[in-house]
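Chemist: Structure, please.
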Amino acid sequence: MKKIVLILIFITAGLVFAKQTNSISKKTYDVLIQAQKLIELNKFKEARNLLNPLEKSVQNPYEKSYILQSLANIAINDGDYNLVGKYYEQIISLNSFEKNNLEKIKFSLAKIYLSDTKYKKSIELLEQLLTSEVVNKNDIYENLAFGNFYIKKYKQTINYLKQIISTKESWYQILYSSYIELNDYNNAINSLEFMVKKWHKNENYWLQLIALYQKENKQKQALSTFELAYKKHGVNPQKHALYFANVLIQNGLYHKAALEIEAAIKKGFIKNNKKNFDLLVSCYNYAKQKDKVIELLESSTHGNTIKYQLLLANIFYNEQKFEKSIKVLENTKIKNGTKADGQRDTLLALCYYETNNLEKAKKHLNQAMKNPYERKRATDIKKSLNI
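Modeler: Numbering: from 1, shown residues only. Prediction:
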């Protein structure tokens, strides 16, 4: 169980008051004072050995409450919060302490319940303390917020968090998470916008904010936030180069995305694999950077595919480099009768037509017309060319 910071109620002042009013017997008083001195000397075992027999024999609820409090202080030192909770439960049930001390004990018990996943019990105690004049209101609201969050009462969580006068990171995390659970993305964004300003070194906050902007189709904000995150060193460019490129793509900035991908490959931030090559070619193609596409397809082994060789041939054709297109197409091995085979025949026919080789143009059109995937297109082209 994680360590809990509890409010310790020291017994010395209470004992002086008790002695004056004869509420505690001399025997109990002497043992408590002796135990207190042992606790101050960190002799917890000796103090416990003194207090345990006394706790069993004493019937006076006021005396018993002080003994239990001393035993609770020892248990706190041992980190045995289940035992602390049992002692506090007994003290509360005895109801002999003055109101202020009881409220402090209730608050500590509520924190123990919270840590021990007894959320409803914790909330019940905390709600009793909302009118307390001794327990800090912010502390009550914060623990109520956590308790309600754990039982999935997100609206109550938000209401309590809004009453806290603080900028504690932990409760902003809970606030953001509550908005997400309620699908209230606008307020989730508002929370994250504050969080990235306050804790700008936390990469997760930046990435969550960027993702939310994308979810809400606020692509410009996603891009500007990503760029700001890079500038403030909130996001590691090496880890998120592809993500940044995708945000650029979503903003229609294909050329810039291509430059980012190419630079990331050269720096070793991302792998020079087929998937990244496909993305790079696609970006340059959408950016109408045909010379760059040609360069990539001619220089990379990833470009030696039927798909890319057909693309390369099409680019050459559109740039009226018909001989180059023909060379690419005739050197590309494609299985007969496939869709790609039909596309190659159609494109070869067009190239040969442009170079006035009508015999070969007609030959390839006829072959394309026999292909089930290209039949209609090839037939239409033959009619339009009148060959």
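Chemist: Residue 136 is in contact with residue 130, correct?
Modeler: No: using Cβ atoms under 8 Å, residue 130 is not in contact with residue 136; the gap is 11.9 Å. Where C-beta positions appear, they are placed from N, C-alpha and C, glycine not excepted.
Chemist: Can you pull out the low-pLDDT segments for the stretch 201-350 of the chain?
Modeler: Within the stretch 201-350 of the chain, no stretch has pLDDT under 70.
Chemist: And for residue 221, the neighbour number?
Modeler: Other residues near residue 221 number 17, with proximity taken as other Cβ atoms under 10 Å.
Chemist: Go ahead and confirm it touches residue 213.
Modeler: Yes: look at residue 221 against residue 213 with Cβ under 8 Å: they come within range, at 4.4 Å.
Chemist: helix/strand/coil for residue 328?
Modeler: helix (DSSP: H, G, I helix; E, B strand; the rest coil).
Chemist: That one and residue 313 touch, don't they?
Modeler: Yes: contact criterion Cβ under 8 Å: residue 328 and residue 313 qualify, at 4.4 Å.
Chemist: And the pLDDT for residue 9?
Modeler: Looking at residue 9, its pLDDT reads 45.
Chemist: Output stretch 305-317 as CSV - backbone C-alpha positions only.
Modeler: What follows is stretch 305-317 as a C-alpha-only set of coordinates in CSV (Å, rounded to 0.1, in the frame of the first residue of the first chain):
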residue,chain,number,x,y,z
THR,A,305,7.6,-3.1,-58.2
ILE,A,306,4.9,-3.4,-60.9
LYS,A,307,2.9,-0.7,-59.2
TYR,A,308,5.7,1.8,-59.1
GLN,A,309,7.0,1.0,-62.6
LEU,A,310,3.6,1.7,-64.0
LEU,A,311,3.5,4.9,-62.0
LEU,A,312,6.9,5.9,-63.4
ALA,A,313,5.8,5.1,-67.0
ASN,A,314,2.7,7.2,-66.5
ILE,A,315,4.7,10.1,-65.3
PHE,A,316,7.0,9.9,-68.3
TYR,A,317,4.0,9.7,-70.6
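Chemist: hmm, who's touching it?
Modeler: By Cβ atoms under 8 Å, 6 or more residues apart in numbering, the list of residues contacting stretch 305-317 from outside reads 281, 285, 290, 293-294, 297-298, 302-303, 322, 324-325, 328-329, 331-332, 334, 340, 343-344, 347, 350-351.
Chemist: what helix or strand does the closest residue to residue 303 other than its chain neighbours sit in?
Modeler: Leaving out its chain neighbours, the residue that sits closest to residue 303 by Cβ to Cβ, 6 or more residues apart in numbering is residue 297, at 3.8 Å. Per DSSP states H and E: residue 297 is located in helix 290-299.
Chemist: Can you tell me what sits against that helix?
Modeler: 258, 277, 280-281, 284-285, 303, 308-309, 311-312, 315-316, 318-319.
Chemist: Buried ones among those?
Modeler: Among the contacts of helix 290-299, those classed as buried by 16 or more other Cβ atoms under 10 Å are 258, 277, 280-281, 284-285, 303, 308-309, 311-312, 315-316.
Chemist: now the strands: where do they sit in the stretch 251-387 of the chain?
Modeler: Per DSSP state E, counting those that start in this stretch, the stretch 251-387 of the chain carries no strands over any range.
Chemist: Tell me which stretches of it form helices.
Modeler: If DSSP state H, counting those that start in this stretch is used as the criterion, the helices of the stretch 251-387 of the chain fall at 254-267, 274-286, 290-299, 306-318, 322-330, 339-354, 358-369, 375-385.
Chemist: Among these, show me which one is buried the most.
Modeler: The highest mean neighbour count among the helices of the stretch 251-387 of the chain, using mean count of other Cβ atoms under 10 Å, belongs to helix 339-354: a mean of 21.
Chemist: gap between the residue nearest to residue 303 and residue 276?
Modeler: Residue 297 is 15 Å from residue 276, where distance means Cβ to Cβ, to the nearest Å.
Chemist: re earlier: could I get the buried ones among the contacts of helix 290-299 as TSV with distance to residue 67?
Modeler: Putting these into TSV (distance: Cβ to Cβ, whole Å) gives the following:
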residue	distance to residue 67
258	76
277	76
280	75
281	79
284	80
285	82
303	84
308	84
309	89
311	86
312	89
315	90
316	95
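Chemist: What are the boundaries of the helices in the stretch 51-200 of the chain?
Modeler: 61-78, 81-94, 99-115, 119-128, 137-150, 154-161, 169-181, 185-198.
Chemist: got those helices as CSV, with distance to residue 375 and mean pLDDT columns?
Modeler: Formatted as CSV, the helices of the stretch 51-200 of the chain follow (distance: least, Cβ to Cβ, whole Å; pLDDT from 0 to 100):
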stretch, distance to residue 375, mean pLDDT
helix 61-78, 86, 93
helix 81-94, 80, 95
helix 99-115, 73, 95
helix 119-128, 70, 97
helix 137-150, 64, 95
helix 154-161, 60, 96
helix 169-181, 54, 95
helix 185-198, 50, 96
